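> Just a sequence and a predicted model for now, questions to come.
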Amino acid sequence: MAAPKKGRSASAQSKPWRSLALILIAIVALTGGMFASGNTTPRLGIDLAGGTSITLRAVPERGQESAINKTNMNTAVNIMERRVNGLGVSEAEVQTQGDDNIIVNIPKGTNSKQAREQVGTTAKLYFRPVIATELSAGAATASPSPSTSASPSGKATTGSGDKATSGDKATSGDKATSGSASPSGTATQQGRAVTDALKADATPSGGATGSAKSSSTPKASGSPSPSGSAGNDATAKLQAQYAALDCSKESVRATAGKGALPTEPTVACGKNNAGVWQKYVLDKAAVDGTDVKKGQAVFDTQGAAGWIVQLDFTGSGGKKFADVTGKLAQNQSPQNQFAIVLDGEVVSDPQVTTAITGGNAQISGSFDQQSAQNLANMLSYGALPLTFKEDSVTTVTAALGGDQLHAGLIAGAIGLALVVVYLLVFYRGLSLIAIPSLLVSAVLAYVIMSLLGPAIGFALNLPAVCGAIVAIGITADSFIVFFERIRDEIREGRTLRPAVERAWPRARRTILVSDFVSFLAAAVLFIVTVGKVQGFAFTLGLTTLLDVVVVFLFTKPLMTILARRKFYANGHKLSGLDPKALGAKPPLRRTRRPARPVDTKEA
Amino acid sequence: MSKIGSLGARLHRGEVGYDFVKNRKIWYGISILITITAILGLAVRGLNMGIEFQGGAVFTTPKHMSTSVSQAETYAVEASGHDAIVQKLGDGSLRIQIAGIDTGKSDEIKDTLSKDLKVNAEQINADLVGPSWGKQIANKAWEGLAIFMVLVVIYLAIAFEWRMALAALVALIHDITITTGIYALVGFEVTPGTVIGLLTILGYSLYDTVVVFDSLKEQTKDITKQTRWTYSDIANLSINGTLMRSINTTVVALLPVAGLLFIGGGVLGAGMLNDISLSLFVGLAAGAYSSIFIATPLVADLKEREPQMKALRKRVLAKRAQAEAQGEPVADRAGASFDEETADAAPAVVGPREQGASRSRGRGRPSGKRR
């Protein structure tokens, strides 16, 4: 009993205006903030505004279940954000949800199909030796392309034995090149050179299986003829692709080299240091992105090289890298370059001067801090062991979204109207308190939702609208608890003002306890669940909190103030507090004592 | 209103009232019957899981389609090679559901469909769901449910006591079972929207229960210091005293949901609004029922097992017998109750009451008069 009593004396009875002023100031401030920030409407979710929403789930690879953690998810989000924004989509948003989900929301007006393809694929990072490259704009600028195969073939004789045993695929490629070395020597035209180089490379992909079984020379020499012809088709295709490739066009870039297997040569685009698009023909991947342990941007203080990117390879990655650089170092430009290809785009094409052993490498060039950091991130991200699966894709046209929003608003209006009518009929004059309280709640909810849009990326979706409508009931419920309490006190024979002050502490406790339970439900749902359920839980939790605020700072002070009014205090018929209509006892306990003598009468 | 108002007053004073606790066995029986039916329904008929839980696609065409349902069905079957369900919605748009297709394949189907139906592919709303997505939503929902139950039981055990926590939990499980049972029996489609609605019932069902418990806790504060009422009597009073409130809040909660249901079901035809509001509607009704008929009587049952309460009951019964022997009109529980109501906030009044029968006899009198 102590607590309510204390609460009673400390409650807002004496200064109800202060609470009212407080909440009005809060409303004005929030509304002002809303207009100042320019977000006068809540941000709408995909299902109301139209657009595509993709839910991706990380699929753990065998033995790497622990890879699905917060850091990796966040990096994946970064990659996807880059990819989607690379499509020129504005306001696309990518966010994690739950432990292993990523939600990608793409507003209407975007090619949803392309966006899906972009987002759904895992980040693929490869180190591919460069076969040919040239500026994309010029058609036939003879980029230096000395016969590709000459030097590797020489190397193949020296290194084939031990390299074959190491199981490196690149080795078998070199070995096979020796067969096709002669034609490339005559190649003067750039296109030809490419063809030959590619032919050489295409061959081993067939022959690699043969040499893996046994690295005997007869087999290697036997395989070129069949696979060589097969390779010719692919090569011709690739060459045509390369010739047609115009990297300065974004649409072309988006599709260039897409879907190329790491075991196949491919074409790709990339920006060179001067910021000009360059096109490449690239060999099959020599080192995988997963072979990179970490990339780091470092400022080189000693060598005065400026910003460099440091690479740490895994054990096997270091070995592979040492192999490939060892070979590349003996080539001439551009075939001493390898391209770092992220999602089909060349992000860097460093030259190799010596074989790099020891499991780490540095990429130097004209980096500034930003670009070095970017490359380092990409190298780290590309090593991400997460694969994503499309769990759900929802495409909503703007028309349907508008309809749904409309329907939701109408439903809300109907619900609100029904509640108001019910309150009017049942609580009469008291609804003058209940209805403004509901309105204050509604205004606060609206303003806060509008502000939360830019602040935390809150988007109002259909379930959230449902949550808000359902919350009308919860909010009205608090008033009912309070009013019924007051009526109970009046039935006890109290006059209104003491009745209000007595009813409040009890009603307050009930409201707090039940709102807490409601909020707990919303909070648990918000934390645990995913997708649509979360939006619903969010509005439910928000409105429950607002309910407490409004009841404490608005409803109760307003009640206190109005209780002083004659209309209410005298229990006017329409006030909803008419003691007679409520069946109150004759006022106050005092008057019940005279009933005592009845004792004797009965006795 | 005066009629309702005075009904409220009479309920408040306990002049009228239904003895919920005394008749609890009936209600337990009814609830057990409903629950068994629900479980049987679940076991035999199973839930009609929506596309979201099987994996598949839902396409919604623009409004005012001239294509007939059966024709669209043929198109859909041709395009997908799977069974398709086609509905015509209120606004003339077609809702085509195709189960068991891959998210990757759906694009082709969408294109084919758009050609067949002669609408722009970009105009078709598509909802493609992988088979694991619905499962994931459901799993997360179960997880949330479990966590919530544990937390709320802990909270209620602290705020009230473990018996009330247990009773609230039983009521909660009761509500959820009934709601899912109704879904199984009627064959409503279960979608993520349904799950959302069901999860909201959690909060609501308990909200109601908590209000009754709050009043019960308040009124039984000094219960051992008097010998007029047993715990069950007071529990019954609490229910009756908060009955008006329970009815009001349930009605007020149901009104917006009814609005949603009307718009979602009647105007939009199908979809998220409809699914959420339907399960909410069923669940809210079950929740109101259970907090009155199940949760509180259950608390009374559990409480009466406590030695203290047993002793109290003995004392109360003894006194009633004594009173009867003396030819005193037995202060019937309902009639006398309002005294407790006035006294509950004032321990000083309860204090003297323990002094003896004569005192309380006197205080019981006004009720006799009122009758």
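Here it is on my side, so go on.
> show me where pLDDT drops low in the stretch 351-500 of chain A?
Low-confidence segments of the stretch 351-500 of chain A (pLDDT under 70): A:364-366, A:370-371, A:373-375, A:377-386.
> Specify the residue ranges that define each domain of chain A.
Domains of chain A are assigned by automatic domain parsing as A:2-45+A:397-594, A:51-120+A:390-394, A:125-383.
> need the strands for chain B, in chain order.
For chain B, the strands defined by DSSP state E cover B:48-49, B:56-60, B:84-88, B:94-99, B:125-129, B:189-190.
> what does the stretch 301-450 of chain A give?
For the stretch 301-450 of chain A, the strands defined by DSSP state E, counting those that start in this stretch cover A:306-313, A:338-342, A:345-348, A:360-367, A:387-396.
> For the last one, buried residues please.
In this case it means strand A:387-396. Neighbour-count burial for strand A:387-396, counted by 16 or more other Cβ atoms under 10 Å in any protein chain shown, picks out A:387-388, A:390-396. C-beta here means a position set from N, CA and C on the backbone, and glycine is covered the same way.
> Of those residues, which ones also sit close to chain B?
Intersecting these with the contacts of chain B gives A:390-396 (criterion: Cβ under 8 Å from any Cβ of the partner chain).
> Poorly predicted segments of the stretch 251-371 of chain B, please.
Along the stretch 251-371 of chain B, the model assigns pLDDT under 70 to residues B:265-271, B:327-371.
> For chain A, what's its nearest residue on it.
The stretch 251-371 of chain B approaches chain A most closely through residue B:256 (2.9 Å), counting by Cβ to the nearest Cβ.
> Look at residue 176 and report its pLDDT.
This is for chain A. pLDDT for residue A:176: 33.
> The intended chain is chain B.
In this model, residue B:176 is scored at 85, pLDDT.
> In contact with it, which residues?
For residue B:176, the contact set (Cβ atoms under 8 Å, 6 or more residues apart in numbering or on different chains) comprises B:145, B:198, B:201-202, B:283.
> which one of the residues you listed sits closest to residue A:281?
Residue A:281 lies nearest to residue B:145 out of the contacts of residue B:176, by Cβ to Cβ, at 57.0 Å.
> My guess is that closest one contacts residue B:201. True?
No - between residue B:145 and residue B:201 there is no contact under Cβ atoms under 8 Å: 10.4 Å.
> check which helix or strand covers the residue nearest to residue A:553 when sequence neighbours are not counted.
Spatially, and ignoring its direct neighbours in sequence, residue A:553 is nearest to residue A:23 (4.1 Å; Cβ to Cβ, 6 or more residues apart in numbering or on different chains). Using DSSP states H and E, the element containing residue A:23 is helix A:16-37.
> go on, residue A:129?
Short version, using DSSP H and E: residue A:129 is in strand A:125-135.
> neighbouring strands for that strand, and are they parallel or not?
Strand A:125-135 pairs in its sheet with strand A:277-282 (antiparallel), strand A:287-288 (antiparallel), strand A:338-342 (antiparallel), by DSSP bridges.
> C-terminal to the shortest one, what's the next element?
Read that as strand A:287-288. strand A:292-300.
> packing partners for that following strand?
For strand A:292-300, the packing partners by 3 or more Cβ pairs under 8 Å, 6 or more residues apart in numbering or on different chains; DSSP states H and E come out as strand A:306-313, strand A:360-367, helix A:369-382.
> quick check: angle from that strand to strand A:306-313?
Following axes from the mean of the first three to the mean of the last three Cα atoms, to 10 degrees, one obtains 160 degrees for the angle between strand A:292-300 and strand A:306-313.
> Skipping its backbone neighbours, what lies nearest residue B:230 in space?
Excluding its sequence neighbours, the residue lying closest to residue B:230 (Cβ to Cβ, 6+ apart) is residue B:313, at 4.6 Å.
> do you know how far that neighbour is from residue B:300?
Counting by Cβ to Cβ, to the nearest Å, the separation of residue B:313 from residue B:300 is 11 Å.
> Kindly report the same for residue B:222.
17 Å.
> Give the burial count for residue 69, as a bare number.
Here I'm looking at chain A. 13 (other Cβ atoms under 10 Å in any protein chain shown).
> try again with chain B
Applying other Cβ under 10 Å, we find 15 residues neighbouring residue B:69.
> give the contact list for it.
Neighbouring residues of residue B:69 by Cβ under 8 Å, 6+ apart: B:86-88, B:94.
> Please apply the same query to residue B:42.
B:180-181, B:184.
> and residue A:493, what are its phi and psi?
Main-chain torsions, residue A:493, degrees, to the nearest 10: phi 110, psi 10.
> Same check on the one 4 residues further on?
When quoted as degrees, to the nearest 10, the phi and psi of residue A:497 stand at phi -60, psi -50.
> give the contact list for the closest residue in space to it that isn't next to it in sequence.
Once flanking residues are discounted, residue A:497 sits nearest to residue A:563: 4.9 Å by Cβ to Cβ, 6+ apart. Neighbouring residues of residue A:563 by Cβ under 8 Å, 6+ apart: A:496-497, A:500, A:569.
> do residue B:83 as well
Residue B:83 touches B:77, B:98-99, counting by Cβ under 8 Å, 6+ apart.
> could the residues you listed be laid out in a markdown table, adding distance to residue B:35?
Formatted as a markdown table, those follow (distance: Cβ to Cβ, whole Å):
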| residue | distance to residue B:35 |
| --- | --- |
| B:77 | 40 |
| B:98 | 36 |
| B:99 | 31 |
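> Now do the closest residue to residue B:251 other than its chain neighbours against residue B:258, distance only.
Nearest residue to residue B:251, sequence neighbours excluded (Cβ to Cβ, 6+ apart): residue A:422, at 6.4 Å. Per Cβ to Cβ, residue A:422 is found 11 Å from residue B:258.
> ok, now residue A:323?
Applying Cβ to Cβ, the value for residue A:323 to residue B:258 is 72 Å.
> who has more neighbours, the two?
residue A:323 (23 against 18).
> that older thread, tell me which of the strands of the stretch 301-450 of chain A sits most buried.
Highest mean neighbour count among these (mean count of other Cβ atoms under 10 Å in any protein chain shown): strand A:338-342, with a mean of 27.
> tell me the contacts of residue A:362?
When contacts are counted by Cβ under 8 Å, 6+ apart, residue A:362 touches A:300, A:308-311.
> List the beta-bridge partners for it.
Taking DSSP bridges as the rule, residue A:362 bridges to residue A:310.
> now do the one 5 residues further on
In this structure, residue A:367 bridges to residue A:307 when assessed by DSSP bridges.
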